[in-house]
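Student: Next one to model:
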Amino acid sequence: MVELETRELEYFLAVADELHFGRAAIRLSIAQPALSKAIRRIETRLGVPLFIRSSRHVALTPAGQALQEHGRHALNAVSAAVRNARHAGDPHAHLRLVLKPGGDAGLLSGILAEYSHQPDARRVDILFSGPADRTEILHDGRADVGLLYVPFDDLDGLAHETLHTEDRVVIVPAGHRLAGRSSVRMSDLEGETLPRWKGVPGGDGTGPEVADVTQLLHMITVSRMIGVLPRSLVEPLPAGLVGVPVTDTPPSRLVLAWNEHDHRPLVASFVAAALRLRRHRTRSAIDTPEAPPGSDDERLVPEEPR
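Tutor: Numbering: from 1, shown residues only. Prediction:
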């Protein structure tokens with residue numbers, strides 16, 4: 001069995017990323033001859049060339065491409081194992097929660113209050129992420145739990161509980177052709193410019209790339225595009241923007257997620273607090289009578305255009 005040390009994988013991946021031994025050596029803070037010698041040792045041990053070298057060019061061989069892909073996963077897994085072991089062994093470790101800015105559907109303060117009543121409650125560190133990296137942060141151990149949106153976030157390898165379900169709305173400028181509609185279908189959006197989310201491959205967007213909801217709303221305000229999002233991510237809307245329900249998209253779910261192999265009391269206690277809050281909210285919704293005509297609640301609902 002051929003074995004590589006994690007340091008050797010780090011050396012290889014640095015050269016594979018840079019495709020330049022000099023830049024890789026600077027990145028690793030080692031001498032270039034030592035790095036070249038280390039790569040040759042790896043190739044000898046594996047029995048295959050990893051790089052095509054010339055005086056002006058460095059490229060990966062098919063074997064090098066395979067090792068780059070799988071080696072990075074292996075190195076990330078080792079880093080996650082070390083990080084999780086240290087965190088699990090620290091009796092004073094904080095609980096780390098990852099979410100996108102504003103991505104809690106208004107539930108986070110209630111969850112934190114409920115959790116604070118637990119006898120084993122720890123301090124909660126909140127980490128904010130971009131559009132696409134929350135699941136990665138959970139998998140590699142940088143966070144213990146996360147608030148994710150389904151179907152947008154990948155739940156593979158994660159245990160999860162649904163906390164909130166809501167519809168999706170299309171956000172348009174107030175003067176847009178759809179702004180006066182009581183609802184729309186996705187077919188009504190044909191020909192419109194939708195965003196491309198930074199770090200998210202695929203998708204139907206053809207417009208400028210955006211990194212977060214704040215950037216998206218600004219681009220909609222200046223009529224560069226429109227966007228379809230879970231309702232809670234955009235309400236209350238800034239002045240000059242309108243949200244119209246989209247009737248033929250599946251509902252969006254806000255879920256609390258954690259690594260499916262993580263059975264630590266630290267995580268279980270937080271999950272239990274979130275589920276208690278969910279039960280309280282469900283009972284309150286059942287027990288609250290329908291608002292009588294003319295009540296304040298009714299006046300908050302806009303009339304449909306005639």
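Student: in what helix or strand does Pro250 lie?
Tutor: Per DSSP states H and E, Pro250 falls between elements, in no helix or strand.
Student: quick one: Val210 from Glu69, how far?
Tutor: Between Val210 and Glu69 the computed distance is 28 Å (C-beta to C-beta, to the nearest Å). Yep, even glycine has a C-beta here, placed from its N, CA and C like the rest.
Student: Sorry, slip of the keys, the one I care about is Gln32.
Tutor: Taking C-beta to C-beta, one finds Gln32 at 25 Å from Glu69.
Student: Apart from its chain neighbours, what residue comes closest to Ala273?
Tutor: Tyr115 (3.8 Å; C-beta to C-beta, 6 or more residues apart in numbering).
Student: Go ahead and confirm the one you found touches Ala121.
Tutor: Yes. Tyr115 lies in contact with Ala121 (C-beta atoms under 8 Å); the separation is 5.5 Å.
Student: ok so, going back, report the backbone C-alpha coordinates of whatever helix or strand the residue nearest to Ala273 lives in in PDB.
Tutor: If you go by DSSP H and E, Tyr115 is part of helix 108-116. Extracted C-alpha coordinates of helix 108-116, given in PDB (Å, rounded to 0.1, in the frame of the first residue of the first chain):
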ATOM      1  CA  LEU A 108     -32.700  33.000  15.800                       C
ATOM      2  CA  SER A 109     -33.300  35.200  18.800                       C
ATOM      3  CA  GLY A 110     -36.000  32.900  20.000                       C
ATOM      4  CA  ILE A 111     -33.800  29.800  19.500                       C
ATOM      5  CA  LEU A 112     -30.900  31.400  21.400                       C
ATOM      6  CA  ALA A 113     -33.300  32.400  24.300                       C
ATOM      7  CA  GLU A 114     -34.700  28.900  24.500                       C
ATOM      8  CA  TYR A 115     -31.200  27.400  24.400                       C
ATOM      9  CA  SER A 116     -30.000  29.800  27.200                       C
END
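Student: any idea which helix or strand comes after it?
Tutor: strand 124-128.
Student: for that next one, packing partners?
Tutor: strand 95-99, helix 108-116 (3 or more C-beta pairs under 8 Å, 6 or more residues apart in numbering; DSSP states H and E).
Student: Tell me the strands beside the first one, with direction?
Tutor: Spelled out, it's strand 95-99. Its sheet considered, strand 95-99 pairs with strand 124-128 (parallel), strand 145-150 (parallel) by DSSP bridges.
Student: just how off-centre is the first one within its chain?
Tutor: The one in question is strand 124-128. 13 Å (C-alpha atoms, centre = their mean, to the nearest Å).
Student: which of the residues in it are buried?
Tutor: The neighbour-count check on strand 124-128 (16 or more other C-beta atoms under 10 Å) flags Val124 as buried.
Student: and that strand, C-alpha only, in CSV?
Tutor: Extracted in CSV, the C-alpha atoms of strand 124-128 (Å, rounded to 0.1, in the frame of the first residue of the first chain):
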residue,chain,number,x,y,z
VAL,A,124,-23.0,30.6,20.8
ASP,A,125,-20.6,32.0,18.2
ILE,A,126,-22.4,33.1,15.0
LEU,A,127,-20.6,32.7,11.7
PHE,A,128,-21.9,34.4,8.5
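Student: Just want the angle from that strand to helix 108-116.
Tutor: Calculated by axes from the mean of the first three to the mean of the last three C-alpha atoms, to 10 degrees, strand 124-128 forms an angle of 150 degrees with helix 108-116.
Student: contacting residues for the residue most central in space within the chain?
Tutor: By C-alpha atoms, centre = their mean, the mean C-alpha position of the chain lies nearest to Arg134, the distance being 2.9 Å. Counting by C-beta atoms under 8 Å, 6 or more residues apart in numbering, Arg134 touches 98-100, 143, 146-148, 153.
Student: could you dump the residues you listed to a markdown table with distance to Pro251, neighbour count and pLDDT?
Tutor: As requested, those are exported to a markdown table (distance: C-beta to C-beta, whole Å; neighbours: other C-beta atoms under 10 Å; pLDDT from 0 to 100):
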| residue | distance to Pro251 | neighbour count | pLDDT |
| --- | --- | --- | --- |
| Val98 | 23 | 24 | 95 |
| Leu99 | 19 | 21 | 94 |
| Lys100 | 18 | 22 | 89 |
| Ala143 | 25 | 24 | 92 |
| Gly146 | 20 | 25 | 96 |
| Leu147 | 16 | 24 | 96 |
| Leu148 | 15 | 24 | 94 |
| Asp153 | 15 | 23 | 88 |
